[in-house]
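# Here is the input, now give the coordinates:
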Amino acid sequence: MYTLHEETKEITDIILAARDKAREEVGKSEPEAQFAKPMTWPVQCTVGPGLEGAIACESKVGYVNGSKGMLVYRGYDIFDLCAYSTFEEVSYLLVHGELPNTSQLREFNCSLARFRSLPMTLRRLGGFPVENINTMAALRIGTMMMRQRLSFRDSQSARPDPNTAISADEDSIPMETKPMGEPHAIYEFKKKQLERPKDARETQDESESVQSCMHLISGMATIAAGVARMREEKMPIEPDTELSHAANLLYMMTGRKPTPIEERVMDVALILHADHGMNASTFASMVVASTLSDIYFSVGAGIAALNGPLHGGANEQVLRLLQEIGPAAKVSSWFEQATREKRRIMGFGHRVYKAYDPRARILGPLAKFLIQEKKEMRPLYNTARELEKKVVTTLGAEKKIFPNVDFYSGIVYAAMGIEPELFTPIFAVSRVSGWCARILEYLDNNRIFRPRAMYIGEFDKEYVPIGKRGAKKNARKK
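Okay, here's the model as predicted:
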């Protein structure tokens with residue numbers, strides 16, 4: 001089993017150089033006091049549209065310091081994890097809360113290897129016209145097929161008992177309808193609320209356990225690779241038990257065992273995308289989980305959210321943008337026109353980061369390293385570098401806009417021969433470990449998400465029978 005990095009020391013050196021440069025530029029990465037402390041509920045905070053700035057829960061899984069360009073998983077700096085760890089070890093860390101020892105990692109890897117084979121799930125997925133379906137839609141279908149195959153939650157006896165669960169708001173009525181109840185909200189939380197039914201087979205999981213997480217972390221890679229093969233009208237490839245998670249992903253996609261460099265770069269990419277705070281897909285998965293739906297449905301919600309072009313898929317658009325610009329010599333004129341048109345430049349800026357995204361600090365040099373052997377990729381990379389210089393020296397200085405994770409990740413994947421339509425499924429293959437970790441953590445003190453909307457509509461309108469209503473414009477355009 002691949003665990004060490006002796007064969008790819010140059011990749012380790014690239015990551016450590018990126019770490020040193022980051023620390024030199026931003027100094028010591030201290031956590032922001034207002035976002036790194038225990039909460040006393042209810043909490044007061046400034047909330048913008050889309051719940052921007054809202055505090056929904058406490059978490060020990062991961063932390064993003066946007067002002068310093070800092071990303072932490074369970075207390076460990078992302079640079080150190082990419083330099084020294086593996087995706088399997090990082091997944092264990094996210095789900096279990098601590099780095100594994102040798103025997104724990106061996107057992108975890110064996111479980112992932114055992115769960116990686118999904119012949120029945122892929123056979124069922126093959127009954128759909130996968131070649132004509134959005135890749136993320138196909139991934140979501142495959143995940144639901146895996147759920148049906150592996151979970152006992154479809155049996156009536158496995159449904160959570162609503163009488164023992166906490167509903168939406170009964171213990172916080174004072175927050176909603178004053179002056180009823182207590183003068184202040186009294187919050188109640190309950191631990192696990194699902195018992196394993198006696199008729200469940202041993203091979204079936206609870207859909208909210210660590211085993212469920214391992215099924216999803218392992219199985220989604222197999223499904224994504226199967227989707228890649230089916231889109232080319234090829235048969236899916238069975239995983240190789242001797243290969244790592246990253247190597248198996250590439251092998252099952254291409255039919256070719258990757259080189260140590262390709263394996264390591266994919267492993268680093270998976271680590272970089274594993275978790276990133278309360279982003280849209282993570283929030284979507286947690287909202288579904290909070291209803292006591294199961295983890296497969298919850299992850300399905302994460303896949304659906306990640307499919308949106310404002311979340312996943314930006315690296316696809318970056319490649320198209322670079323191709324549109326053409327040679328590096330045309331960057332300056334293109335940028336001036338784009339600035340005049342107030343055009344958004346894909347791959348730059350981030351909702352959280354007001355410093356250089358640490359993930360981009362790693363992926364940029366990795367892209368440069370990979371294109372040394374890919375002469376056909378050099379013009380694209382040169383255009384990317386010239387565009388980065390232009391944006392950083394202008395928008396970076398003025399508005400703190402820098403490259404984000406998507407700017408170079410597409411070049412990295414393309415250099416390894418991966419089609420753009422598969423970039424977002426690979427994102428999901430990585431992020432599922434973060435989704436699972438945060439779902440399990442939230443379920444320990446579960447409370448259904450229930451924000452409010454401010455009503456700005458009319459009141460006291462008189463109902464008019466349909467025969468007396470005149471022609472009106474539709475409220476929404478077609």
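# pLDDT weak spots in the chain?
For the chain, applying pLDDT under 70 flags the ranges 1-3, 28-29, 33, 151-208, 473-478.
# Strands of that one, residue ranges please.
Ranges of strands within the chain are 62-65, 70-73, 76-77, based on DSSP state E.
# show me the residues around the residue nearest to residue 233 when sequence neighbours are not counted that make contact.
Nearest non-adjacent residue to residue 233, counting by C-beta to C-beta, 6 or more residues apart in numbering: residue 131, 6.4 Å away. (Glycine included, C-beta is placed from N, CA and C.) For residue 131, the contacting residues are 230, 231, 232, 233, by C-beta atoms under 8 Å, 6 or more residues apart in numbering.
# what number of residues lie near the first one?
Meaning residue 230. When neighbours are counted by other C-beta atoms under 10 Å, residue 230 registers 21.
# now swap in the second one and tell me
Using other C-beta under 10 Å as the criterion, residue 231 is surrounded by 17 other residues.
# same deal with the last one?
In terms of burial, residue 233 registers 8 neighbours under the definition other C-beta under 10 Å.
# Would you mind measuring from it to residue 126?
11 Å (C-beta to C-beta, to the nearest Å).
# quick revisit: pipe the strands of the chain into CSV and attach distance to residue 9 and mean neighbour count per row.
As requested, the strands of the chain are arranged in CSV below (distance: least, C-beta to C-beta, whole Å; neighbours: other C-beta atoms under 10 Å):
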stretch, distance to residue 9, mean neighbour count
strand 62-65, 28, 21
strand 70-73, 23, 23
strand 76-77, 20, 16
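# Switch those over to JSON lines; also include distance to residue 423.
Putting the strands of the chain into JSON lines (distance: least, C-beta to C-beta, whole Å) gives the following:
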{"stretch": "strand 62-65", "distance to residue 423": "21"}
{"stretch": "strand 70-73", "distance to residue 423": "20"}
{"stretch": "strand 76-77", "distance to residue 423": "26"}
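# Out of those, which is closest to residue 137?
Closest approach to residue 137 among the strands of the chain (C-beta to C-beta): strand 62-65, 27.5 Å.
# Which neighbouring elements make contact with that closest one?
strand 70-73 (3 or more C-beta pairs under 8 Å, 6 or more residues apart in numbering; DSSP states H and E).
# The strand it packs on - contacts with which helices or strands?
Checked by 3+ C-beta pairs under 8 Å, 6+ apart, strand 70-73 has strand 62-65, helix 78-84, helix 87-96, helix 358-370 packed alongside it.
# Adding distance to residue 137, write these out as JSON lines.
Converted to JSON lines, these look like this (distance: least, C-beta to C-beta, whole Å):
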{"stretch": "strand 62-65", "distance to residue 137": "28"}
{"stretch": "helix 78-84", "distance to residue 137": "30"}
{"stretch": "helix 87-96", "distance to residue 137": "25"}
{"stretch": "helix 358-370", "distance to residue 137": "26"}
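# got a list of what the residue most central in space within the chain touches?
By C-alpha atoms, centre = their mean, the chain has its centre lying nearest to residue 431, at 3.5 Å. For residue 431, the contact set (C-beta under 8 Å, 6+ apart) comprises 273, 274, 275, 276, 281, 282, 302, 306.
# Thanks a lot, see you next time.
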